[in-house]
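>>> My questions concern the predicted model and sequence given below.
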Amino acid sequence: MSYLFSCGVCCGLLSIWGSIQLFFMGICYHFEVVTLLEDVEEEEYEDYDDFIRKTTANYKKVAVNCWVASVIYVILIGVSYWCIRKAKKSMKIEALKLEDDEYVCTPKPPQRKKPSKVK
């Protein structure tokens, strides 16, 4: 197996997991799930209304950030898929070369040796 194939599969699986997780986290932030409050709260508030306003705005910002990151992971899924296809194509070409008797049995020209520089 080639490194391109292995890397494509690994990155593809991680990208699938990341895109799903970030998509659902974005939904949770959009609906202002209280469990995630510590991730969006500001340090200073003037009063209760200021707290509600800033917290709501921060929930929306974090939700959008999660969805943007999820889209980036979806793009990486496409790149991983491209890597896997390219690796499979090259593995198929190598397999066809090995099945070809003329390619395997034809003697290769001798490699030139580089002249050694001895002092």
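Thanks, I have the structure now.
>>> Now do the strands in this protein.
Shown for the chain, no strands are assigned by DSSP state E.
>>> what about the longest helix seen in it, distance to the chain center?
Ordering each helix of the chain by length in residues (DSSP state H) puts helix 48-99 first. Relative to its parent chain, helix 48-99 has a centroid offset of 5 Å by Cα atoms, centre = their mean, to the nearest Å.
>>> Tell me how far Glu43 lies from Asn58.
11 Å (Cβ to Cβ, to the nearest Å). Every C-beta, even on glycine, is put in place using the N, C-alpha and C of the backbone.
>>> between those two, which one's more packed in?
A side-by-side neighbour count of Glu43 and Asn58, using other Cβ atoms under 10 Å, places Asn58 first with 17 against 4.
>>> Counting neighbours, what do you get for the nearest residue to the more buried one once chain neighbours are set aside?
Nearest residue to Asn58, sequence neighbours excluded (Cβ to Cβ, 6 or more residues apart in numbering): Val40, at 3.9 Å. Neighbour count for Val40, taken as other Cβ under 10 Å: 18.
>>> my read: Val40 touches Asn65, true?
No: in this structure, Val40 is not within contact of Asn65 by Cβ atoms under 8 Å, at 10.5 Å.
>>> All good on my end, thank you.
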